[in-house]
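A.B. asks: sequence first, predicted coordinates after that:
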Amino acid sequence: MGSEEMNLMENEGGNRGKEGKGRRLWKKVKYQLVEYHSLPAYLRDNEYILGHYRSEWPLKQVLFSIFTIHNETLNVWTHLIGFFIFLSLTIYTAIKIPTVVDLNSLQHLPDMLKKADLQKLQLELLTCLPSMPDLHRLREEISSWHVKEHLYNCLPGRFSGSNHTDHSVKEDLANIIAPLLIRPITRWPFFAFLGGAMFCLLASSICHLLSCHSERMAYIMLRLDYAGIAALISTSFYPPVYYSFMCYPFFCNLYLGFITVLGIATICFSLLPVFQNPEFRTIRASLFFGMGMSGAGPILHKLFLFWGQPEVFHTTGYEILMGALYGIGALVYATRIPERWMPGKFDIAGHSHQLFHVLVVAGAYVHYRAGLVYLRWRDLEGCGVNEL
């Protein structure tokens, strides 16, 4: 082999080596974090965060970036951790908090009871049950057999069987009503709130992780994020409205229907492309803030109806704290504090969106605590005499 051929092969090998090094270098550069001025228009949202952006990365690299440091890392993890917190709370609530009574047992009532005047029976029971000694203690501490004994004495004589050898309707009725006194009411409004919270937190985490992939992905993820916020706000109303007005069906349905329609309307409005423009940041925050403030009506109504009951003041205190946390979070988000004071200093940690996330999780947890108070209140007291 001549010297010329050898030189040619060496040159080709060198060129291939340079191409390989060039590809590896380009791959490293391609997935480097970039500064704000290098971003495409659809990723420019906060001009006070100057660097550490991911821009149009392939989906694989975007997914793996959950374990790397960039200006969205804490945005992802603050709500992802919040999601797992609420998932744990949901499992805990389902296991530890008693389940709803099985009303299918009512089908075992004799035909005689089905034909009875249940409204009249209800009034008769209400005049009798308050005379039962330590009714709250009975509900909390002892089994239903003791309650049955008092109920049997309370029930009108017309429910006694005509034949003493037959099993009396009066005893059947006592056996059914007694467990209802010490078992909990329905849980669906509480679990609806927990589901809304988990959906919001998970949707937010996914949005912050994937939006840098492409303009189309950013559009879809941001709509999912807005839907999650609307779902959290809407379902947050369900426990306080349902358990406050469960004995006032008109107001219960009115308030639940209003907040549900408002939430759906907010989601529909958020689907408009113009809604995402940076100049609409304040409008977005104001819309969700106003949606939350619409809960002031039911709270004031609740205070009017139940003034003087400790549970009402307790839950209202929680709700005011929750509203304050959400409101401060929305204010921080809209004003972009603190990064507007020192641009570039809070790119990785401490900027407004991360603070907003932490306040949302805190507010949702406060509302969870309020929900437990509602459940205990209604489980023990049901509908009072003045509510029927």
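C.D. replies: Looks like it arrived, so ask away. No experiment lies behind these values; they were computed from the predicted model shown.

A.B. asks: can we go C-alpha only for contacts and neighbour counts from here?
C.D. replies: Will do.

A.B. asks: per-residue confidence at P130?
C.D. replies: P130 carries a pLDDT value of 50.

A.B. asks: one more: E387?
C.D. replies: pLDDT, read off for E387, is 55.

A.B. asks: ok, now M6?
C.D. replies: With respect to pLDDT, M6 has a value of 56.

A.B. asks: OK, contacts around the nearest residue to A231 once chain neighbours are set aside?
C.D. replies: Distance criterion Cα to Cα, 6 or more residues apart in numbering; nearest residue to A231, sequence neighbours excluded, is G196 at 5.3 Å. The contact partners of G196, by Cα atoms under 8 Å, 6 or more residues apart in numbering, come to G228, A231, L232, T235, S236.

A.B. asks: hmm, try it at 10 Å
C.D. replies: F190, G228, I229, A230, A231, L232, I233, S234, T235, S236 (Cα atoms under 10 Å, 6 or more residues apart in numbering).

A.B. asks: same question, L300
C.D. replies: With Cα under 10 Å, 6+ apart, L300 has these contacts: T316.

A.B. asks: can we start the residue count at 55 from this point?
C.D. replies: Let's use 55 as the start, then, which means that last one is L354.

A.B. asks: and it, backbone torsions?
C.D. replies: Per-residue torsions, L354: phi -60, psi -40 (degrees, to the nearest 10).

A.B. asks: how about the nearest residue to N125, chain neighbours excluded?
C.D. replies: Using Cα to Cα, 6+ apart, the nearest residue to N125 is I402, at 4.6 Å.

A.B. asks: look at that neighbour and give its secondary structure.
C.D. replies: coil (DSSP: H, G, I helix; E, B strand; the rest coil).

A.B. asks: quick one: it from G425, how far?
C.D. replies: 35 Å (Cα to Cα, to the nearest Å).

A.B. asks: could you check which of the two has the larger neighbour count?
C.D. replies: G425 (24 against 19; other Cα atoms under 10 Å).

A.B. asks: is the more buried one located within a helix, as I assumed?
C.D. replies: Yes: with three-state DSSP as the criterion, G425 is located in a helix.

A.B. asks: verify the stated contact: it with A246.
C.D. replies: No: look at G425 against A246 with Cα atoms under 10 Å: they stay out of range, at 11.3 Å.

A.B. asks: what's the overlap in contacts for these two?
C.D. replies: Common contacts of G425 and A246, defined by Cα under 10 Å, 6+ apart, comprise S290, Y292, P293.

A.B. asks: so which of these belong to helices?
C.D. replies: S290, Y292, P293 (DSSP state H).

A.B. asks: for the second one, which non-adjacent residue is spatially closest?
C.D. replies: Nearest in space to Y292, with sequence neighbours left out and distances taken as Cα to Cα, 6+ apart, is P243 at 5.2 Å.

A.B. asks: check which helix or strand covers that neighbour.
C.D. replies: Counting by DSSP states H and E, the element that carries P243 is helix 242-264.

A.B. asks: ok, which stretches of the stretch 205-354 of the chain are strands?
C.D. replies: For the stretch 205-354 of the chain, applying DSSP state E, counting those that start in this stretch gives no strands.

A.B. asks: which residue ranges of it form helices?
C.D. replies: Per DSSP state H, counting those that start in this stretch, the stretch 205-354 of the chain carries helices over the ranges 223-236, 242-264, 269-299, 303-324, 335-347, 350-360.

A.B. asks: which of the ones you listed sits closest to Q115?
C.D. replies: Closest approach to Q115 among the helices of the stretch 205-354 of the chain (Cα to Cα): helix 242-264, 10.0 Å.

A.B. asks: before we move on, the earlier item: right, and the helices of the stretch 205-354 of the chain - which one's nearest E110?
C.D. replies: For those, distance to E110 was read as Cα to Cα. The smallest value, 8.3 Å, belongs to helix 269-299.

A.B. asks: related to what we said a few turns ago, what's the closest of the shared contacts of G425 and A246 to F305?
C.D. replies: Looking across the shared contacts of G425 and A246 and measuring by Cα to Cα, the closest to F305 is Y292, at 12.5 Å.

A.B. asks: confirm for me that the closest one is in contact with T314.
C.D. replies: Yes: in this structure, Y292 is within contact of T314 by Cα under 10 Å, at 9.3 Å.

A.B. asks: more neighbours, these two?
C.D. replies: Y292 (23 against 18).

A.B. asks: which ones are touching the more buried one?
C.D. replies: With Cα under 10 Å, 6+ apart, Y292 has these contacts: 242-247, 298, 306, 309-310, 313-314, 425.

A.B. asks: tabulate these in a markdown table, adding columns for distance to T370.
C.D. replies: Converted to a markdown table, the contacts of Y292 look like this (distance: Cα to Cα, whole Å):
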| residue | distance to T370 |
| --- | --- |
| W242 | 21 |
| P243 | 17 |
| F244 | 16 |
| F245 | 20 |
| A246 | 20 |
| F247 | 17 |
| S298 | 11 |
| C306 | 17 |
| Y309 | 17 |
| L310 | 18 |
| I313 | 18 |
| T314 | 21 |
| G425 | 11 |
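
A.B. asks: stretch 120-134: end-to-end distance?
C.D. replies: Length of stretch 120-134, first residue to last, Cα to Cα: 11 Å.
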